[in-house]
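# let me see the structure of the following:
(one chain, ligands or ions: 1)
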Amino acid sequence: MIIAIDGPAASGKGTLSRRLADHLGLRHLDTGLTYRAVAAALLAKGLPLGDEAIAIEIAQNLDLAQMDKSVLSAHEIGEAASRIAVLGGLREELVNLQRRFAETPPGAVLDGRDIGTVVCPNASVKLFVTASAEARARRRTDEMISKGQDANYASVLDDLKRRDERDSQRTVAPMKQADDAVLLDTTEMDIETAFQAAVDIVSRAK
Ligand code: C5P
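As a prediction, this is how the structure comes out:
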């Protein structure tokens, strides 16, 4: 069984995907981390983000088990990830890696921007998780403050809107709800309510 979960940054798709995978006994891959890991390696080497040949080489040697979410969640890495995510050849490499993960038994929950449209178009269940930009910025600001980081709601909101724009306007694999995906708008939901809604959608589709 493969479950595809797409949506914009801070929509709650990550937490939902992890919980769904636990609940269903499936493996979980946050595909954003694969873009972040490549971006972080380029930044660490001081290489330009547009250098696709090197980005592809890094992607070919990526070890999913070694990706450290606590390091890769930094704001600058998310920005850089969204810049390299426009490179078609790099996407092809990462999509192959993501598909291999998805197709390994017993199946998996993958979350990202193009899972239902490109990576796993035959997924058993597809969800597009969204929330208003304001609700997402509020959640992201609260999360940063709870980690003791500096956070300013207005600049978080600006950054999210800019990233959504870049992710949905790019020509290769733009963020988009698949025709057969179920829309889950979490603007007015807490995580528990959103999780129950997702479980209902999955059990209806099974
Ligand atoms: O989800 P996350 O914020 O970690 O993703 C970082 C960036 O990676 C996104 O802004 C997007 O540009 C890119 N990405 C993508 N396709 C995916 C997952 C992430 O283009 N499946």
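# surely residue 206 is in contact with residue 199?
No. In this structure, residue 206 is not within contact of residue 199 by CB atoms under 8 Å, at 10.7 Å. Using the backbone N, CA and C atoms, a C-beta is placed for each residue, glycine as well.
# which of these two has more neighbours?
residue 199 (15 against 9; other CB atoms under 10 Å).
# now the helix or strand encompassing that one: buried residues?
According to DSSP states H and E, residue 199 maps onto helix 191-205. For helix 191-205, burial by neighbour count (16 or more other CB atoms under 10 Å) applies to 194, 195, 197, 198, 201, 202.
# okay, now the nearest residue to residue 52 once chain neighbours are set aside: neighbour count?
Leaving aside its chain neighbours, residue 52 sits nearest to residue 87 (4.8 Å; criterion: CB to CB, 6 or more residues apart in numbering). Residue 87: 22 surrounding residues under other CB under 10 Å.
# phi, psi of residue 87?
Note on residue 87: backbone dihedrals following degrees, to the nearest 10 are phi -80, psi 110.
# give me every residue that touches it.
50, 52, 55, 172 (CB atoms under 8 Å, 6 or more residues apart in numbering).
# C-alpha coordinates for the helix or strand that residue 57 is a member of, PDB please?
Residue 57 belongs to helix 52-60 when assigned by DSSP H and E. Taking Å, rounded to 0.1, in the frame of the first residue of the first chain, the C-alpha atoms of helix 52-60 are listed here in PDB:
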ATOM      1  CA  GLU A  52      23.000  20.600 -11.400                       C
ATOM      2  CA  ALA A  53      25.800  18.200 -12.300                       C
ATOM      3  CA  ILE A  54      27.100  18.300  -8.700                       C
ATOM      4  CA  ALA A  55      23.600  18.300  -7.300                       C
ATOM      5  CA  ILE A  56      22.900  15.100  -9.200                       C
ATOM      6  CA  GLU A  57      26.100  13.500  -8.000                       C
ATOM      7  CA  ILE A  58      25.200  14.300  -4.400                       C
ATOM      8  CA  ALA A  59      21.700  12.900  -4.900                       C
ATOM      9  CA  GLN A  60      23.200   9.600  -6.300                       C
END
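# and it, what other elements does it pack with?
helix 32-45, helix 88-103 (3 or more CB pairs under 8 Å, 6 or more residues apart in numbering; DSSP states H and E).
# buried ones in that helix?
Taking 16+ other CB under 10 Å as the criterion, helix 52-60 shows 52, 54, 55, 56, 58, 59 as buried.
# and the next helix or strand past it?
helix 69-72.
# does the ligand sit close to that next one?
No. Applying CB under 6 Å from any ligand atom, one finds helix 69-72 out of contact with the ligand, separated by at least 7.7 Å.
# what's next to stretch 152-162, contact-wise?
Outside stretch 152-162, the residues that reach it (CB under 8 Å, 6+ apart) are 8-10, 75, 79, 133-134, 136-138, 140-141, 144.
# of these, which ones also sit close to the ligand?
Among those, proximity to the ligand is found for residue 9 (CB under 6 Å from any ligand atom).
# between the contacts of stretch 152-162, which is closest to the ligand?
Set against the ligand, the nearest of the contacts of stretch 152-162 by CB to the nearest ligand atom is residue 9 (4.6 Å).
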